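In: can you look at this prediction? I've put the sequence above it.
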Amino acid sequence: MGYPNYAAYSLERTMAKTPEGKPSLITWDEVTTLFHEFGHALHGILSDCNYERLSGTSVARDFVEMPSQFNESFASIPEIFDHYAKHCETGQPMPAELKERMLSSINFQSAYALGENLAATCLDMAWHMLPSDKVPTADQAADFETEALGQVGLLNNQIPPRYSTSYFNHVWGGGYAAGYYSYLWTEVLAVNIAQVFADRGALDPATGSDFSQKVLSRGNTGDLMQMFSAFTGMAQPDASGLLKARGYNI
Ligand SMILES: [Zn+2]
């Protein structure tokens, strides 16, 4: 499926319909969704490849969300925030105190979000690593889930997996088989990329064009990890960046 269709589909599903005669006011989730989808759009718009099947967003599942998740980070950069977060009637930027409170609440409940994501990720992996002769019956599925989560220290009634076995639909027939981890892995890549921008100046045009040249324009025409390294200068992604971005002091 081409990217433009996907973007329209995603935005249509997430944006609240504007009441008749009222301005279109959107939530923070909707703002970050806009930035997210625009990251996918840039991956397509800036593509400079000969073959469609190797261009733009036609990359591995654990890489394709990197440009979009990275682009979300721009939503909370103060200069950019001031540019779009304006009063709908007066056009004034959001008052400093409100802005500070809003931006400091971004990581509210991030431990819960990470816990439920990790539990679902490990559950997906546990099912897909089973040899065919060890697959439990439907009646044994709940026990298998309990055991699998216990083994990785994620059996916690207060933070259940985001998807439990009986309704983890997309990892069975939806193409994510053993690939649910990709959301977190791609976030690791995204925060590492965002750190390069933070170090060089998020609005630095030279860094933007370097990112475009070394990553966004290249689609799937090279080794994806080498593209990551070429831009960041890092031999390997650094997972500690993910925890920092989610507000943990490590
Ligand atoms: Zn996406």
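Out: Everything's here; your move.

In: ok, the nearest residue to M94 once chain neighbours are set aside - how many residues close by?
Out: Once flanking residues are discounted, M94 sits nearest to A85: 4.6 Å by Cβ to Cβ, 6 or more residues apart in numbering. Where C-beta positions appear, they are placed from N, C-alpha and C, glycine not excepted. A85 is flanked by 18 other residues according to other Cβ atoms under 10 Å.

In: can you give me the distance of A85 to the ion?
Out: From A85 across to the ion, the span is 22 Å (Cβ to the ion, to the nearest Å).

In: which residues are in contact with the one residue in the chain that gets nearest to the ion?
Out: Residue nearest to the ion within the chain (Cβ to the ion): S68, separated by 4.2 Å. S68 is in contact with 36-40, 43, counting by Cβ atoms under 8 Å, 6 or more residues apart in numbering.

In: if you look at these, which of them are in helices?
Out: Under the assignment DSSP state H, the contacts of S68 contribute 36-40, 43 to helices.

In: TSV for the residues you listed, including neighbour count?
Out: Output for those, formatted as TSV (neighbours: other Cβ atoms under 10 Å):
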residue	neighbour count
H36	22
E37	21
F38	19
G39	22
H40	22
H43	27
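
In: how far does stretch 73-84 sit from its chain's centre?
Out: Centroid separation between stretch 73-84 and its chain, computed with Cα atoms, centre = their mean, to the nearest Å, is 18 Å.

In: who's in contact with that stretch?
Out: Contacts for stretch 73-84 (Cβ under 8 Å, 6+ apart): 31-32, 34-35, 93-94, 99, 103, 106, 190-191, 194, 197, 202-203, 245.

In: what of stretch 97-112?
Out: By Cβ under 8 Å, 6+ apart, stretch 97-112 touches 28, 76, 78, 81-82, 85, 93-94, 159, 246-248.

In: mind picking the two most distant members of these?
Out: Farthest pair in the contacts of stretch 97-112 (Cβ to Cβ) is P93 and I159. Separation: 37.2 Å.

In: looking at the two, which one has more neighbours?
Out: Each of P93 and I159 has its neighbours counted (other Cβ under 10 Å); I159 has more, 17 against 14.

In: just to revisit the earlier point, touching, the residue nearest to M94 and P93? I think so.
Out: Yes - judged on Cβ atoms under 8 Å, A85 makes contact with P93 at a distance of 6.6 Å.
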